[in-house]
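Enquirer: Provided below for reference: sequence and predicted model.
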Amino acid sequence: MVRPAACLFDLDGLLLDTEPLHAEAWQRASSHFGRVLQPDELMALRGRRRLDCADQVLRWMADDGLSTPSREGLLAVRQPIAEALLVMAQPMPGAKALVERCHELRVPMALATSSSRSAVALKAAPHPWIALIQERVHGDDPELKRGKPDPDVFELAARRLGVGCDTCWAFEDSPAGAIAAVAAGCRVFVMPPPGLTLAEREARYPAQIRDFLEDLSGVVPLLESGP
């Protein structure tokens, strides 16, 4: 197997176990305004930029005939909840081992995340190994035109590393992120949320994806086998 020209990593739910914390923050903020979010709705928010998520929650409120706050009003409730929760996030299984091995093998890496620069700094602070990923495209990057599920974040990350997406391995957890990485042309590895049945995986993720993981360190032997 040929070693990738670069590895492109999502952050939330892939390197750090933040997605349940994000879901709790959105649930508590939406419930504050009278709208309880359903499990499939919380899944639909996974992997997307904060402002895109806020707009979606507001649409759900409006569709139900509820009086909706402004985007700023919703986020004013949500953000303090999220910030208090996210500093407690733990690494996902095998994440630290994979990032450190990429660094040892001199495989270029980039973060391709929907999180803002300030949010990444908050979440990554307790995890110094994330600093090994020096190239980063954040959700509020001025060069990023569209968020996931559009492919822009992976295309921009690859371009900054000076490689083509078709030579990169992308690592994702969310359907939105997986769709974006497939559209960019990467080989995509997915670590889906726990508890999904095979039928749910097939329904939510692109048909092109065959590499599903339970532990990111399972990719290390593939990296080591390449020239």
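Expert: Nice, I can see it. Numbers count the residues shown, from 1 in each chain.
Enquirer: Please identify the buried residues of the lengthiest helix in the chain?
Expert: The single longest helix within the chain, with elements called by DSSP state H, is helix 71-86. For helix 71-86, burial by neighbour count (16 or more other C-beta atoms under 10 Å) applies to Leu74, Leu75, Val77, Arg78, Ile81, Ala82, Leu85, Leu86. Glycine gets a C-beta too; all of them are placed from N, C-alpha and C.
Enquirer: The residues you listed into TSV, with extra columns for pLDDT and distance to Ala199?
Expert: Shown next, in TSV, are the buried residues of helix 71-86 (pLDDT from 0 to 100; distance: C-beta to C-beta, whole Å):
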residue	pLDDT	distance to Ala199
Leu74	98	33
Leu75	98	35
Val77	98	35
Arg78	98	32
Ile81	97	33
Ala82	96	31
Leu85	95	31
Leu86	94	31
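Enquirer: now, among those residues, which is nearest to Phe154?
Expert: Leu86 (23.3 Å; C-beta to C-beta).
Enquirer: is it true that the closest one touches Ala125?
Expert: No: counting by C-beta atoms under 8 Å, Leu86 stays clear of Ala125, with 10.1 Å between them.
Enquirer: Please work out which residues outside the longest helix of the chain touch it.
Expert: 18, 21-22, 24-26, 28-30, 32-33, 50-51, 54-55, 57-58, 119, 122-123 (C-beta atoms under 8 Å, 6 or more residues apart in numbering).
Enquirer: where exactly do the strands run in the chain?
Expert: Applying DSSP state E to the chain gives strands spanning 6-9, 109-112, 135-137, 168-172, 187-190, 211-212.
Enquirer: So which residues make contact with the fourth one?
Expert: To tie it back to what came earlier, the one meant is strand 168-172. 4-10, 14, 47, 98, 112, 154, 158, 178, 180-181, 184, 186-191, 216, 219.
Enquirer: Next: the first one.
Expert: Counting by C-beta under 8 Å, 6+ apart, strand 6-9 makes contact with 15, 98-99, 102, 107-112, 133, 154, 157-158, 161, 163, 167-171, 181, 186, all of which sit outside it.
Enquirer: got it, and the second one?
Expert: Applying C-beta under 8 Å, 6+ apart, the set of residues contacting strand 109-112 from outside is 6-11, 99, 102-103, 120, 130, 132-138, 153-154, 156-158, 160-161, 170.
Enquirer: Tell me how many other residues surround Leu105.
Expert: 13 (other C-beta atoms under 10 Å).
Enquirer: That one is in contact with Glu224, isn't it?
Expert: Yes: the criterion here is C-beta under 8 Å, and Leu105 meets it with Glu224 at 7.3 Å.
Enquirer: just the buried members of the contacts of strand 109-112?
Expert: The buried subset of the contacts of strand 109-112 (16+ other C-beta under 10 Å) comprises 6-11, 99, 102, 120, 130, 133, 135-138, 153-154, 156-158, 160-161, 170.
Enquirer: Fine, thanks again, bye for now.
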